[in-house]
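Novice: With the sequence up front, the predicted model follows.
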Amino acid sequence: MTTNKSAVVVHNIRNWMKDHHMSIQTLATKASISKSLLGHILTGQRKLQDDVFDRLAIAMEMPRQQLETAVPLEQHHGQYTLNLRGKADSRIAKRHLRQLLLAVEDCVAMYE
């Protein structure tokens, strides 16, 4: 699975979990995978393998194609909020904020 497609799938899984008020543990149990594996997939520490993808799709009662489809931002129900603490008064902090902004812009562009 390509990185962009994997990012879309992970994003869709997270949104589905949020919409269905489902915890990582509950979805992992329904999909017969470990909680730590699902957590690592959702944080990008592990790649989503096809067999696990199939199990998640079945547990979510959703076709694979629907999980692989990017949802336009206009269709999202919630509003995104980012809270930052502290000050960005050092060069390093400002660089990190620029990198974060670029990453957010990349994610937004992926769904447009």
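Specialist: Looks like it arrived, so ask away. Numbers count the residues shown, from 1 in each chain.

Novice: for the lengthiest helix in the chain, packing partners?
Specialist: For the chain, the helix with the greatest residue count under DSSP state H is helix 91-110. For helix 91-110, the elements it packs on are helix 3-19, judged by 3 or more C-beta pairs under 8 Å, 6 or more residues apart in numbering; DSSP states H and E. Just so you know, the C-beta spots here come from the backbone N, C-alpha and C atoms, and that holds for glycine as well.

Novice: Run the angle between the helix it packs on and helix 91-110 for me.
Specialist: 90 degrees (axes from the mean of the first three to the mean of the last three C-alpha atoms, to 10 degrees).

Novice: Could you number the chain from 15 rather than 1 from now on?
Specialist: Noted, 15 is the first residue going forward, which turns the last one into helix 17-33.

Novice: Buried residues of helix 17-33, list them for me.
Specialist: 20, 21, 22, 23, 24, 25, 26, 27, 30, 31 (16 or more other C-beta atoms under 10 Å).

Novice: Next: stretch 61-72.
Specialist: 62, 66, 67, 69, 70, 71.

Novice: same deal with stretch 76-84?
Specialist: Buried, per 16+ other C-beta under 10 Å, within stretch 76-84: residue 81.

Novice: Span of that stretch from start to end?
Specialist: 14 Å (C-alpha to C-alpha, to the nearest Å).

Novice: what bits of this structure have low per-residue confidence?
Specialist: 15-18, 85-100, 125-126 (pLDDT under 70).
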